[in-house]
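Asks: Coordinates for the following, if possible.
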Amino acid sequence: MSKPMRGGWLAGLGLCVALLAGCEAPVAPDSLSFATSGQVAEAQEAQIAEVTAALRALGPDVDPQEAARAARIAVLEPLAWAREWRVVDAPLVHNFKVVNGFRDKGVCQDWADAMEIALHAEAFRTLELHRAIANARNLSLEHATVIVTARGRPMETGVILDPWRLGQGRLWFGQVTEDPRYTWETREAVRAWHRAWKEKALAGG
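Replies: This next block holds a predicted model:
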């Protein structure tokens, strides 16, 4: 993708902010910016423990070791991806950079793809991965994420693992039914809806 003319950069940024608003969430000030490495590691371990507990609570058959492995990947790996993809800005600003060729990766789907690949490689027996999409049926930009459930349970019972919305690879996690920002559908349901919409359009309906 070619880079835009520099003279239109600010105007393009404003337009991009408006277009990408559906996939944006405010970025809180980074309280770890001035923390020591030990404090950062402590905070990360605390979040890993929180995510582990949320995954273990998905059901009595969830293996505690699998929950702990999934949590560690979900918290730490996105921080490595942020460094690799040079994500140093708020989500909307980085999205603009990707759309206009200043960065190669870092929109919400990139995070979801990487999270799914990393977790899938663990071959969990008691946890199941779901790809989910929000805003597929309205004018806001689609948002993608990974949701983890106990094996055989529906997506709606799961925990969202979203390293995009807080920015710079910091993990947001929570129950699907308690997400304050997005209403999630399975990727399969969205694809089926798109196919039906295209068929109806082609038939002149």
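Asks: What does the pLDDT read for the nearest residue to G59 once chain neighbours are set aside?
Replies: Excluding the flanking residues, the one nearest G59 by CB to CB, 6 or more residues apart in numbering is A150, at 3.5 Å. All C-beta atoms are positioned from the backbone trio N, CA, C, and that covers glycine. Confidence at A150, expressed as pLDDT, is 98.
Asks: before we move on, could you check phi and psi at the spatially most central residue of the chain?
Replies: The centroid of the chain falls nearest to D162 when counting by CA atoms, centre = their mean (3.3 Å). Dihedral angles of D162 (phi, psi; degrees, to the nearest 10) stand at phi -120, psi 100.
Asks: for it, what are its contacts?
Replies: The contact partners of D162, taken as CB atoms under 8 Å, 6 or more residues apart in numbering, are W111, T145, V146, L171, W172, F173.
Asks: Under a three-state scheme, what state does the last one occupy?
Replies: When the structure is reduced to helix, strand and coil (DSSP: H, G, I helix; E, B strand; the rest coil), F173 reads as strand.
Asks: Show me the shaky parts of the protein.
Replies: 1-34, 139, 190, 192-194, 196-201, 205 (pLDDT under 70).
Asks: which residues in it form helices?
Replies: Under the criterion DSSP state H, the chain carries helices at the ranges 9-19, 37-56, 64-84, 91-99, 108-120, 187-202.
Asks: Which of those helices sits closest to L166?
Replies: With CB to CB, the closest approach to L166 among the helices of the chain belongs to helix 91-99: 8.0 Å.
Asks: That closest one versus helix 108-120: what angle between them?
Replies: Inter-element angle recorded for helix 91-99 and helix 108-120: 90 degrees (by axes from the mean of the first three to the mean of the last three CA atoms, to 10 degrees).
Asks: ok so, going back, pick the most deeply packed of the helices of the chain.
Replies: helix 91-99 (a mean of 21; mean count of other CB atoms under 10 Å).
Asks: Could you report the distance from D110 to I117?
Replies: 11 Å (CB to CB, to the nearest Å).
Asks: All set now, cheers.
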